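A.B. asks: Please work out how this folds:
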Amino acid sequence: MNKIYLEIAELSEKFKEMCYGITHNKTDIEDAVQELYIYFLSMNPSVLKNIYEKDGINGIVRYGAVVLKRALTSKRSPFYYKYKKYYTHINNYYTTNSSLTNKEINRSIENLCKKEFIGTEKWKKLEKIDEQLDKMFWYDSSIFKLYYYEGNTLDSLAKKTGISRNSLFTTIDKVREILKEELNE
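C.D. replies: Reported below is the predicted structural model:
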(Lines give C-alpha, C1' and ligand atoms only; values in the text may rest on other atoms or scores of the structure.)
Protein backbone atom coordinates (compact mmCIF):
# COMPACT_ATOMS: atom_id res chain seq x y z
CA MET A 1 0.00 0.00 0.00
CA ASN A 2 2.87 2.37 0.73
CA LYS A 3 4.06 1.95 -2.87
CA ILE A 4 0.63 2.99 -4.13
CA TYR A 5 0.52 6.02 -1.85
CA LEU A 6 4.01 7.09 -2.96
CA GLU A 7 2.99 6.88 -6.61
CA ILE A 8 -0.18 8.87 -5.92
CA ALA A 9 1.89 11.56 -4.17
CA GLU A 10 3.93 12.02 -7.37
CA LEU A 11 0.76 12.76 -9.36
CA SER A 12 0.20 16.16 -7.76
CA GLU A 13 1.09 18.22 -10.86
CA LYS A 14 -0.97 15.96 -13.12
CA PHE A 15 -4.03 16.38 -10.88
CA LYS A 16 -3.53 20.17 -10.85
CA GLU A 17 -3.36 20.24 -14.66
CA MET A 18 -6.67 18.34 -14.82
CA CYS A 19 -8.32 20.99 -12.67
CA TYR A 20 -7.42 23.82 -15.07
CA GLY A 21 -10.05 22.49 -17.44
CA ILE A 22 -12.68 23.26 -14.80
CA THR A 23 -11.37 26.34 -12.99
CA HIS A 24 -8.41 28.71 -13.11
CA ASN A 25 -8.56 29.66 -9.44
CA LYS A 26 -5.24 28.41 -8.06
CA THR A 27 -6.50 28.32 -4.48
CA ASP A 28 -9.46 26.13 -5.42
CA ILE A 29 -7.18 23.83 -7.39
CA GLU A 30 -4.73 23.46 -4.49
CA ASP A 31 -7.56 22.81 -2.05
CA ALA A 32 -9.26 20.30 -4.37
CA VAL A 33 -6.04 18.32 -4.89
CA GLN A 34 -5.39 18.25 -1.14
CA GLU A 35 -8.94 17.03 -0.56
CA LEU A 36 -8.32 14.36 -3.21
CA TYR A 37 -5.30 13.12 -1.24
CA ILE A 38 -7.37 13.02 1.91
CA TYR A 39 -10.00 11.09 -0.03
CA PHE A 40 -7.41 8.53 -1.18
CA LEU A 41 -6.10 8.12 2.36
CA SER A 42 -9.56 7.66 3.85
CA MET A 43 -10.95 5.30 1.26
CA ASN A 44 -10.99 1.54 1.75
CA PRO A 45 -7.41 0.31 1.05
CA SER A 46 -8.65 -2.84 -0.67
CA VAL A 47 -10.70 -0.78 -3.17
CA LEU A 48 -7.67 1.40 -3.93
CA LYS A 49 -5.50 -1.69 -4.30
CA ASN A 50 -8.03 -3.30 -6.69
CA ILE A 51 -8.05 -0.17 -8.89
CA TYR A 52 -4.25 -0.16 -8.95
CA GLU A 53 -3.94 -3.87 -9.73
CA LYS A 54 -6.57 -3.72 -12.47
CA ASP A 55 -5.51 -0.56 -14.36
CA GLY A 56 -2.24 0.53 -12.75
CA ILE A 57 -1.48 4.18 -12.15
CA ASN A 58 -3.72 5.17 -15.09
CA GLY A 59 -6.71 3.78 -13.21
CA ILE A 60 -5.79 5.90 -10.17
CA VAL A 61 -5.47 8.98 -12.40
CA ARG A 62 -8.89 8.37 -13.99
CA TYR A 63 -10.44 7.77 -10.57
CA GLY A 64 -8.83 10.96 -9.26
CA ALA A 65 -10.13 12.89 -12.28
CA VAL A 66 -13.69 11.86 -11.49
CA VAL A 67 -13.30 12.85 -7.84
CA LEU A 68 -11.77 16.24 -8.77
CA LYS A 69 -14.48 17.00 -11.33
CA ARG A 70 -17.17 16.16 -8.80
CA ALA A 71 -15.44 18.26 -6.14
CA LEU A 72 -15.14 21.35 -8.33
CA THR A 73 -18.53 21.20 -10.06
CA SER A 74 -21.04 19.58 -7.72
CA LYS A 75 -22.77 21.52 -4.96
CA ARG A 76 -23.21 18.25 -3.10
CA SER A 77 -19.52 17.42 -2.84
CA PRO A 78 -17.67 17.60 0.48
CA PHE A 79 -15.27 20.10 -1.14
CA TYR A 80 -18.14 22.47 -1.88
CA TYR A 81 -19.47 22.31 1.67
CA LYS A 82 -16.02 22.61 3.21
CA TYR A 83 -14.66 25.48 1.10
CA LYS A 84 -16.98 27.09 -1.43
CA LYS A 85 -20.32 27.35 0.32
CA TYR A 86 -19.13 28.76 3.63
CA TYR A 87 -16.48 31.18 2.41
CA THR A 88 -18.46 32.37 -0.60
CA HIS A 89 -21.37 33.21 1.68
CA ILE A 90 -19.17 35.19 4.06
CA ASN A 91 -17.38 37.08 1.30
CA ASN A 92 -20.58 37.96 -0.54
CA TYR A 93 -22.18 39.16 2.65
CA TYR A 94 -19.34 41.30 3.95
CA THR A 95 -17.52 42.49 0.84
CA THR A 96 -19.09 45.62 -0.52
CA ASN A 97 -17.85 48.76 -2.14
CA SER A 98 -19.32 51.92 -0.73
CA SER A 99 -18.19 55.40 -1.48
CA LEU A 100 -17.73 57.77 1.40
CA THR A 101 -16.60 61.22 0.27
CA ASN A 102 -15.39 59.81 -3.06
CA LYS A 103 -13.16 57.16 -1.46
CA GLU A 104 -13.68 53.49 -2.10
CA ILE A 105 -13.76 51.50 1.12
CA ASN A 106 -13.65 47.74 0.92
CA ARG A 107 -15.48 46.08 3.80
CA SER A 108 -14.06 42.68 4.53
CA ILE A 109 -13.92 40.17 7.35
CA GLU A 110 -10.59 41.61 8.48
CA ASN A 111 -11.96 45.09 9.17
CA LEU A 112 -15.56 44.19 9.98
CA CYS A 113 -15.26 45.04 13.66
CA LYS A 114 -13.65 48.42 13.16
CA LYS A 115 -16.02 51.13 14.26
CA GLU A 116 -15.45 53.37 11.20
CA PHE A 117 -16.81 50.68 8.88
CA ILE A 118 -20.11 50.25 10.69
CA GLY A 119 -22.75 52.89 10.04
CA THR A 120 -22.85 55.62 12.65
CA GLU A 121 -26.64 55.31 12.82
CA LYS A 122 -26.32 51.80 14.21
CA TRP A 123 -23.89 52.97 16.86
CA LYS A 124 -26.19 55.84 17.84
CA LYS A 125 -29.10 53.45 18.13
CA LEU A 126 -27.10 51.06 20.30
CA GLU A 127 -26.06 53.95 22.55
CA LYS A 128 -29.72 54.98 22.93
CA ILE A 129 -30.64 51.43 23.89
CA ASP A 130 -27.85 51.37 26.48
CA GLU A 131 -29.02 54.70 27.91
CA GLN A 132 -32.57 53.38 28.27
CA LEU A 133 -31.31 50.16 29.86
CA ASP A 134 -29.34 52.19 32.41
CA LYS A 135 -32.56 53.95 33.45
CA MET A 136 -34.38 50.66 34.10
CA PHE A 137 -34.41 48.51 37.20
CA TRP A 138 -31.11 46.63 37.48
CA TYR A 139 -32.73 43.19 37.32
CA ASP A 140 -34.60 43.92 34.08
CA SER A 141 -31.60 45.45 32.31
CA SER A 142 -29.28 42.67 33.48
CA ILE A 143 -31.56 39.92 32.18
CA PHE A 144 -31.99 41.76 28.88
CA LYS A 145 -28.21 42.20 28.48
CA LEU A 146 -27.54 38.56 29.32
CA TYR A 147 -30.07 37.48 26.72
CA TYR A 148 -29.24 39.82 23.85
CA TYR A 149 -25.66 40.95 24.38
CA GLU A 150 -24.21 37.62 25.39
CA GLY A 151 -26.36 35.60 23.01
CA ASN A 152 -27.89 33.22 25.55
CA THR A 153 -31.02 31.25 24.81
CA LEU A 154 -33.86 31.23 27.30
CA ASP A 155 -33.03 27.66 28.28
CA SER A 156 -29.33 28.31 28.82
CA LEU A 157 -30.07 31.50 30.72
CA ALA A 158 -32.55 29.64 32.94
CA LYS A 159 -29.86 27.05 33.75
CA LYS A 160 -27.24 29.71 34.51
CA THR A 161 -29.42 31.92 36.69
CA GLY A 162 -31.82 29.43 38.24
CA ILE A 163 -34.75 31.66 37.17
CA SER A 164 -37.65 29.98 35.41
CA ARG A 165 -37.82 30.22 31.63
CA ASN A 166 -41.29 31.81 31.75
CA SER A 167 -40.13 34.50 34.17
CA LEU A 168 -37.15 35.30 31.95
CA PHE A 169 -39.38 35.52 28.89
CA THR A 170 -41.79 37.87 30.66
CA THR A 171 -38.96 40.15 31.80
CA ILE A 172 -37.29 40.25 28.37
CA ASP A 173 -40.61 40.90 26.65
CA LYS A 174 -41.41 43.71 29.09
CA VAL A 175 -38.01 45.36 28.48
CA ARG A 176 -38.46 44.99 24.74
CA GLU A 177 -41.83 46.78 24.89
CA ILE A 178 -40.40 49.60 27.03
CA LEU A 179 -37.52 50.07 24.57
CA LYS A 180 -39.94 50.21 21.64
CA GLU A 181 -41.95 52.90 23.37
CA GLU A 182 -38.96 54.96 24.46
CA LEU A 183 -37.22 54.76 21.09
CA ASN A 184 -40.47 55.33 19.14
CA GLU A 185 -40.31 52.14 17.13
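A.B. asks: Give me the distance between K82 and L11.
C.D. replies: As for K82, its distance to L11 is 22 Å (criterion: CB to CB, to the nearest Å). Quick note: C-beta positions are derived from backbone N, CA and C, even for glycine.
A.B. asks: These two: which has the busier surroundings?
C.D. replies: Between K82 and L11, counted using other CB atoms under 10 Å, the more crowded position is L11 (18 against 13).
A.B. asks: Check the more buried one and give its pLDDT.
C.D. replies: The model reports L11 with a pLDDT of 89.
A.B. asks: Tell me how far the residue lying closest to it once chain neighbours are set aside lies from S142.
C.D. replies: What sits nearest to L11 in space, not counting adjacent residues and going by CB to CB, 6 or more residues apart in numbering, is V61, at 6.4 Å. The gap separating V61 from S142 is 64 Å, by CB to CB.
A.B. asks: Surely N152 is within a helix?
C.D. replies: No: going by DSSP: H, G, I helix; E, B strand; the rest coil, the assignment for N152 is coil, not a helix.
A.B. asks: And it, its phi and psi?
C.D. replies: Note on N152: backbone dihedrals following degrees, to the nearest 10 are phi -80, psi 150.
A.B. asks: Same check on G59?
C.D. replies: Taking degrees, to the nearest 10 as the convention, G59 sits at phi -70, psi -40.
A.B. asks: Quick one: the strands in this structure, in order.
C.D. replies: With strands called from DSSP state E, the chain shows them at 96-100, 103-107.
A.B. asks: Fine by me, thanks again.
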